[in-house]
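Student: let's see this in three dimensions:
(chains A and B)
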Amino acid sequence: MNLTLKIWRQKDSNAKGQMVDYKVTDISEHMSFLEMMDVLNEQLVNAGEEPVAFDHDCREGICGMCSMYINGEAHGPDRGITTCQLHMRMFNDGDTITIEPFRAAAFPVIKDLVVDRMAFERIQQAGGYISVNTSGNTQDANSLPISKHAADEAMDAATCIGCGACVATCKNSSAMLFVGAKVSQYALLPQGQVEAADRVKNMVAQMDLEGFGNCTNTGACEVECPKGISLENIARMNRELMKANIS
Amino acid sequence: MALDSKVPKGPIKDKWTDYKNHIDLVNPANKRHIDIIVVGTGLAGGSAAATLAELGYNVKAFAYQDSPRRAHSIAAQGGINAAKNYQGDGDSTYRLFYDTVKGGDYRSREANVHRLAEVSGNIIDQCVAQGVPFARDYGGLLDNRSFGGVLVSRTFYAKGQTGQQLLLGAYSAMNRQIARGKIEMFNRHEMLDVVKVDGKARGIIARNLITGEIERHSAHAVVIATGGYGNVYFLSTNAMGSNATAAWKIHKKGAYFANPCYTQIHPTCIPRSGDYQSKLTLMSESLRNDGRIWVPAKIEDAQAIQQGKLKPTDLAEEDRDYYLERRYPAFGNLVPRDVASRAAKERCDAGYGVNATGEAVYLDFAAAIQRYGKEQAKIQNIDNPSEGKIYELGQAIVEAKYGNLFQMYEKIVDENPYKTPMMIYPATHYTMGGVWVDYNLMTTVEGLYCIGEANFSDHGANRLGASALMQGLADGYFVLPYTIGDYLSDDIRTGKIPTDTKEFDEAEKEVKGRIDFFINNNGTKSVDHFHKRLGKVMWDKVGMARNEKGLKEAMAEIKAIREEFWKEVKVPGSADEMNTELEKAGRVADFLELGELFAKDALVREESCGGHFREESVELDGPQKGEAKRNDKDFAFVSAWEYKGEPADAVLHKEELEFNDIELKQRSYK
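Tutor: Prediction:
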């Protein structure tokens, strides 16, 4: 198929960006979206132009690096996938595709489609862990039975890949789905109870400091999340925060 | 230099304990004055960085991604082995040790493997304490599954995302230390050289991938944890950015490179669909617990399928060849990876492949869905369940076990694997070879360590499934923190290592010179052009089956591609900005050298062992006819290569392997 691409180009974080049009031809429907971008970049390199910078790494939907806003949707028109898992069979010959970076005040653009997600790092550093040293003398793993239900629910929360699609999708640029997932994983497990109150307070405080917006329960984040992280995690985080603040 | 493995004396089961009791320790006040650089933040690097910082050292950690959590360990699916014997099925430290040495086709160092088996249980304890949500049964205890090459269930897992959960565990431990200021994290940085002072590793030169700035970082010891070199094949299951540059740079500065020809071709990957393909996707080995692998028994059926005239579901049971079950009745579909990959290649080469390219076999879940469905009907007291009900119940179980993998397959191939068998084919996945290290995980350069997939140590010529995660975390959490302390105990009076010295000047100059070359070279061909050509030579001639003629040709062809690369490569943009083409150029330049050494190593090893299969070395008769033939008399050694300029001039050093606790036998899975 032949396509027109409208892509956000921005030299660096200080430069002013703009949309630029490109044409690609003979794109196979079996290609992944990023393979289509590879074709474009090869074309640009051969023409002596600078290729489009975009984040990507594992190309199997787990590292959380890829982050394109395609035709107005984080990770494009398919559900339950990252940009790298999007395939060209979702598009038609002659389509014009708009490709932008994940936009949010807390995610400044570094170059073209690459954004800075260090805010997520700092939120996790504020408390996204259990304080246990590596000793080799922790108790035997099976001395702490955990109900299958709780373990499965914690796992569902823990599958978050930290890509930031929730933030890019949210009209308020809220990071509450991301933070809620992390808080939930530990809140659901007995190992996480000791520090639960401090954890939720510190992580939420850091989230606010980073300039993310608040949640107004629209639920778009849940729809666009490539890993299907549930809104329940936001509710749980709010509950945990209230519990921490009144106790 | 003679190779000294520094394996401690004494009975194998006491070596590690005795070693730990007798090494020198650094007191907590002195640790505050010692800096350690850790390059790479996957399971090995992440766990090492966190543990070293907990101990009190000042750690500087480097990742080329924007977060340590994105290292490619994250993509490991199936699980992690540990000799816990929670299933009571006869597992033990000795059995894990034995299985790993045997699985590695008797080409690993006994003492290292035993230590790995010893600490394996602690890894699970540590991860659970960190909040890793492993799969559990209804009693709340940890669940296990089985992996290839073993007869027990010792694999712990978190759905099909075990690597992700373990890495997030190590990452959370890192975050705690980053918050305390004990780890200084350098995201989006790439190490481009190591700096040696008086023969010791004392720092690195790194490029800030956002600004292009070249930075100097000093430390009392340097740890390389940058993973394997599978991307030398261009197409592999590795991440796009996975590269061998750190490992190759230290090789050029004196670290011997061991067994480069030991590469794992994983049997269950999604087949290639076209020339535009940028990478291959793994389908977890855990699928072989329940999936049955087959091709049509009749060549005419295979041809009809290749032409799209016949569907796999049309073939009757007796017209299918479950070739692994036929050839290896004892292990069936759970033979080790090297055996399963070669068997798939054998069938496809004979014309029985099942897609248009003829390079695919089926992985079929119909029998598992039936089995689980009937079991569930019984559990739920459903009498005389209909076929549809059995299918529905069975599908639910398969979905609970492998749902995310099935979804991934469907997104890529656009076929529903519950309804029609998956198509799979082998692909490069892991490299057992790597930087040579002694028992302390130190390379042949003093103060320079190498851990995880980047080193060569524990998997011999073939790695068993679910053992990479085990080794990465064992090295990082439980081995290196001891061994590096013993070395650093001599450095308590050294003081901070200055970076304004001639050693740093020279290393920086070299790095900058190469970057300037790329930027100013007005070539005509892209970096990927050369990488793809290299990959094709590697796959065709240094892939699943190798022979003398092909390997010699490969060496010559790679050399020619390399020479053309330095003349014709084109890198747009400038050096002082984010420049992904420039990053790739440096990595491919190193792969073009490594690839030739790889072929040379494969040429020298005139035996078949593990992932290294020489067509000249097969069993000619007896019950093992046609199987790979190892030659212990002449090749029971580790090949450690010393850099001498051109890869073809590398000098071979041999570390003879001694087997005192395990008898060398032919590996039989029949």
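Student: domains in chain B, by residue range?
Tutor: B:268-426, B:512-632 (automatic domain parsing).
Student: okay, those in TSV with mean neighbour count, distance to residue B:260 and mean pLDDT next?
Tutor: Any C-beta I mention is one placed from the backbone N, CA and C, and that applies to glycine too. Listed next are the domains of chain B as TSV, based on neighbours: other C-beta atoms under 10 Å in any protein chain shown; distance: least, C-beta to C-beta, whole Å; pLDDT from 0 to 100:
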stretch	mean neighbour count	distance to residue B:260	mean pLDDT
domain B:268-426	18	16	94
domain B:512-632	19	4	96
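Student: output those domains as TSV; include the columns distance to chain A.
Tutor: Converted to TSV, the domains of chain B look like this (distance: least, C-beta to the nearest C-beta, whole Å):
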stretch	distance to chain A
domain B:268-426	5
domain B:512-632	5
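Student: can you put the ones you listed in TSV and add distance to residue B:209?
Tutor: Below are these laid out as TSV (distance: least, C-beta to C-beta, whole Å):
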stretch	distance to residue B:209
domain B:268-426	20
domain B:512-632	6
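Student: all helices of chain A, in order?
Tutor: For chain A, the helices defined by DSSP state H cover A:33-46, A:118-125, A:148-158, A:165-169, A:176-187, A:196-209, A:220-224, A:232-246.
Student: spatially central residue for chain B, please.
Tutor: Centrality entry for chain B: nearest residue to the mean C-alpha point is residue B:430, 3.2 Å, by C-alpha atoms, centre = their mean.
Student: is it true that that residue touches residue B:228?
Tutor: Yes. Using C-beta atoms under 8 Å, residue B:430 is in contact with residue B:228, at 5.9 Å.
Student: need the residues touching each of the two.
Tutor: Taking C-beta atoms under 8 Å, 6 or more residues apart in numbering or on different chains as the criterion, residue B:430 and residue B:228 both touch residue B:453.
Student: show me what contacts residue B:32?
Tutor: Residue B:32 sits in contact with B:56, B:58, where contact means C-beta under 8 Å, 6+ apart.
Student: can we see that at 6 Å?
Tutor: residue B:56 (C-beta atoms under 6 Å, 6 or more residues apart in numbering or on different chains).
Student: tell me the pLDDT at it?
Tutor: Looking at residue B:32, its pLDDT reads 95.
Student: against chain B, how distant is the closest residue to residue A:20 other than its chain neighbours?
Tutor: In space, and not counting its chain neighbours, residue A:20 is closest to residue A:9: 4.8 Å by C-beta to C-beta, 6 or more residues apart in numbering or on different chains. Distance check for residue A:9 against chain B: by C-beta to the nearest C-beta, to the nearest Å, it reads 13 Å.
Student: how about residue A:9: which residues does it bridge to?
Tutor: residue A:18 (DSSP bridges).
Student: quick one on the thing from earlier: so which of the helices of chain A gets nearest residue B:138?
Tutor: helix A:148-158 (5.3 Å; C-beta to C-beta).
Student: so which elements touch the closest one?
Tutor: helix A:176-187 (3 or more C-beta pairs under 6 Å, 6 or more residues apart in numbering or on different chains; DSSP states H and E).
Student: please enumerate residues in contact with the helix it packs on?
Tutor: Helix A:176-187 is contacted from outside by A:123, A:128, A:154, A:157-158, A:160, A:166, A:192, A:196, A:200, A:203, A:207, A:215, A:221, A:229, A:233-234, A:236-237, A:240, B:131, using C-beta under 6 Å, 6+ apart.
Student: setting aside sequence neighbours, what's the nearest residue to the closest residue to chain B within chain A?
Tutor: Residue of chain A nearest chain B, by C-beta to the nearest C-beta: residue A:145 (3.1 Å). Excluding the flanking residues, the one nearest residue A:145 by C-beta to C-beta, 6+ apart is residue B:140, at 3.1 Å.
Student: got JSON lines for the helices of chain A, with mean pLDDT too?
Tutor: Below are those laid out as JSON lines (pLDDT from 0 to 100):
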{"stretch": "helix A:33-46", "mean pLDDT": "97"}
{"stretch": "helix A:118-125", "mean pLDDT": "98"}
{"stretch": "helix A:148-158", "mean pLDDT": "97"}
{"stretch": "helix A:165-169", "mean pLDDT": "98"}
{"stretch": "helix A:176-187", "mean pLDDT": "98"}
{"stretch": "helix A:196-209", "mean pLDDT": "98"}
{"stretch": "helix A:220-224", "mean pLDDT": "97"}
{"stretch": "helix A:232-246", "mean pLDDT": "97"}
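Student: hey, where'd the helices end up in the stretch 351-500 of chain B?
Tutor: All helices of the stretch 351-500 of chain B, identified by DSSP state H, counting those that start in this stretch, fall at B:366-379, B:387-413, B:468-473, B:480-488.
Student: out of the domains of chain B, which comes closest to residue B:642?
Tutor: Nearest of those (C-beta to C-beta): domain B:512-632, 10.7 Å.
Student: residue furthest from the geometric center of chain A?
Tutor: residue A:137 (35.4 Å).
Student: how does chain A divide up, domain by domain?
Tutor: A:3-111, A:117-130+A:146-246.
Student: need the winner for burial among those domains.
Tutor: Highest mean neighbour count among these (mean count of other C-beta atoms under 10 Å in any protein chain shown): domain A:117-130+A:146-246, with a mean of 21.
Student: gap between it and the chain center?
Tutor: Relative to its chain's centre, domain A:117-130+A:146-246 lies at 12 Å (C-alpha atoms, centre = their mean, to the nearest Å).
Student: for that domain, measure first residue to last.
Tutor: 32 Å (C-alpha to C-alpha, to the nearest Å).
Student: and stretch A:47-60, does that touch chain B?
Tutor: Yes. Using C-beta under 6 Å from any C-beta of the partner chain, stretch A:47-60 reaches chain B at A:50, A:53, A:56, A:57, A:58, A:59, A:60.
Student: got the contact list for the closest residue in space to residue B:369 that isn't next to it in sequence?
Tutor: Of all residues not flanking residue B:369 in the chain, residue B:394 sits nearest, at 3.6 Å (C-beta to C-beta, 6+ apart). Residue B:394 is in contact with B:369, B:372, B:373, counting by C-beta under 6 Å, 6+ apart.
Student: next one: residue B:290
Tutor: residue B:368.
Student: tell me how far the residue of chain A closest to chain B lies from residue B:141.
Tutor: 6 Å (C-beta to C-beta, to the nearest Å).
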